[in-house]
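> show me how the following folds:
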Amino acid sequence: MHLDVVQLRRFYYRTQLGRAAQRALREAMAALWPSARGETVVGFGFAAPLLRPYMAEAARTLCLMPAPQGVCPWPAEGPNVSVLVEETHWPLPVGFADRLIVAHGLESCARPDALLEEMRRVLAPGGKVMIIAPNRSGMWARSDATPFGYGRPYSAAQLDAALAAHGFEPERHAAALFGPPSHRRFWLKTHQLWERAGRRLGAHRLAGAVLVEATRTVYALPRGRRERARASIEDVLAGLAGRPRPAPDGARSHRAGAGRAEG
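I've put the predicted structure just below:
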């Protein structure tokens, strides 16, 4: 289930809890990705609040918003970089992005496997993706007071398995939103205390959001398979040139033995 972009924007930019959540998520991301200098950074879902820290130093920044959610102009100042896209068909060439941030995207998608394949297609070899999703064991996934209470929550292990099944190598985990998902003044005043305590204690199971960093893998053939592949190509080329290649030792000895048996 997708929330409307108006609801997402209102939460992150018009409520105190949303601004506190934005700050906590940015701090968790900065610990993993302190810089993206000279890189192409793409966000999908409603990743605009998390893209802003990278805009000044990134070579390019692009914010993709899925059609079921809707799109809003972003940023408020300067040229617009937000685009309305189909969930699993992005208007980007293969290997376009160096870094990809997915927030409020995977948990809401009706076809998560197809979305993961599209993420792999758009990400450059060796590029990195950061997925931010509701934590299935946290309080925020059990409350509809925030966007993290909608869609399919995940554990870090579930995200790892989904990423690994689609050609990504999970590398690092982080968590954020340790305080209660409440708009009440007392909990808002203590939000930063909850965040510092949660990070210090490593209480990831209690967090409202789980963050998983993964790298798009580029597989190489094992040594034995590379040699066999090279040998087969040489055989084909030699045949096309009309130059017969000597048979392997095993094949020659087999034919010699067969000849002696017939004689």
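> tally of neighbours for Glu169?
By the measure other Cβ atoms under 10 Å, the count of residues near Glu169 is 13. C-beta here means a position set from N, CA and C on the backbone, and glycine is covered the same way.
> and Pro170, what does it touch?
Leu159, Asp160, Leu163, Ala164, Val212, Glu213, Ala214 (Cβ atoms under 8 Å, 6 or more residues apart in numbering).
> so can I have JSON lines of these showing neighbour count, pLDDT and distance to Val122?
Shown next, in JSON lines, are the contacts of Pro170 (neighbours: other Cβ atoms under 10 Å; pLDDT from 0 to 100; distance: Cβ to Cβ, whole Å):
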{"residue": "Leu159", "neighbour count": "22", "pLDDT": "97", "distance to Val122": "18"}
{"residue": "Asp160", "neighbour count": "18", "pLDDT": "97", "distance to Val122": "21"}
{"residue": "Leu163", "neighbour count": "25", "pLDDT": "97", "distance to Val122": "15"}
{"residue": "Ala164", "neighbour count": "13", "pLDDT": "96", "distance to Val122": "18"}
{"residue": "Val212", "neighbour count": "26", "pLDDT": "98", "distance to Val122": "18"}
{"residue": "Glu213", "neighbour count": "20", "pLDDT": "98", "distance to Val122": "17"}
{"residue": "Ala214", "neighbour count": "25", "pLDDT": "98", "distance to Val122": "14"}
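> quick one: contacts of the lengthiest strand in the chain?
If you go by DSSP state E, the chain has its longest strand at strand 123-134. When contacts are defined by Cβ under 8 Å, 6+ apart, strand 123-134 is touched by residues 25, 29, 32-33, 50, 95-104, 106-107, 119, 140-141, 148-149, 151, 153-154, 159, 163, 168, 171, 208-216, 218.
> now, those residues that are in strands?
Among those, the ones falling in strands (DSSP E) are 97-103, 168, 171, 209-216.
> CA atoms only: put the longest strand of the chain into CSV for me.
What follows is strand 123-134 as a C-alpha-only set of coordinates in CSV (Å, rounded to 0.1, in the frame of the first residue of the first chain):
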residue,chain,number,x,y,z
LEU,A,123,23.1,0.6,-10.5
ALA,A,124,26.6,0.6,-11.9
PRO,A,125,28.8,-2.5,-11.3
GLY,A,126,30.3,-2.0,-7.8
GLY,A,127,27.7,0.7,-7.0
LYS,A,128,26.0,0.8,-3.6
VAL,A,129,22.3,0.8,-2.6
MET,A,130,20.9,1.8,0.8
ILE,A,131,17.5,0.5,1.6
ILE,A,132,15.5,2.1,4.5
ALA,A,133,12.5,0.0,5.5
PRO,A,134,10.2,-0.4,8.5
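> tell me the angle of it relative to strand 209-216?
170 degrees (axes from the mean of the first three to the mean of the last three Cα atoms, to 10 degrees).
> each with direction, which strands does strand 123-134 pair with?
With DSSP bridges as the test, strand 123-134 is paired with strand 97-103 (parallel), strand 209-216 (antiparallel).
> of all the residues in that strand, which ones are buried?
Within strand 123-134, the residues that qualify as buried are Leu123, Ala124, Gly127, Lys128, Val129, Met130, Ile131, Ile132, Ala133, Pro134, counting by 16 or more other Cβ atoms under 10 Å.
> quick check: the farthest pair among these?
Among the buried residues of strand 123-134, the pair separated by the greatest distance (Cβ to Cβ) is Ala124 and Pro134, at 27.9 Å.
> just the angle for the helix or strand containing Arg52 relative to strand 123-134, thanks.
According to DSSP states H and E, Arg52 maps onto helix 48-55. Relative orientation of helix 48-55 versus strand 123-134 (the same axes, to 10 degrees): 140 degrees.
> save the buried residues of strand 123-134 as JSON lines, and put in distance to Leu84 too.
Formatted as JSON lines, the buried residues of strand 123-134 follow (distance: Cβ to Cβ, whole Å):
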{"residue": "Leu123", "distance to Leu84": "21"}
{"residue": "Ala124", "distance to Leu84": "24"}
{"residue": "Gly127", "distance to Leu84": "23"}
{"residue": "Lys128", "distance to Leu84": "25"}
{"residue": "Val129", "distance to Leu84": "21"}
{"residue": "Met130", "distance to Leu84": "22"}
{"residue": "Ile131", "distance to Leu84": "21"}
{"residue": "Ile132", "distance to Leu84": "21"}
{"residue": "Ala133", "distance to Leu84": "22"}
{"residue": "Pro134", "distance to Leu84": "24"}
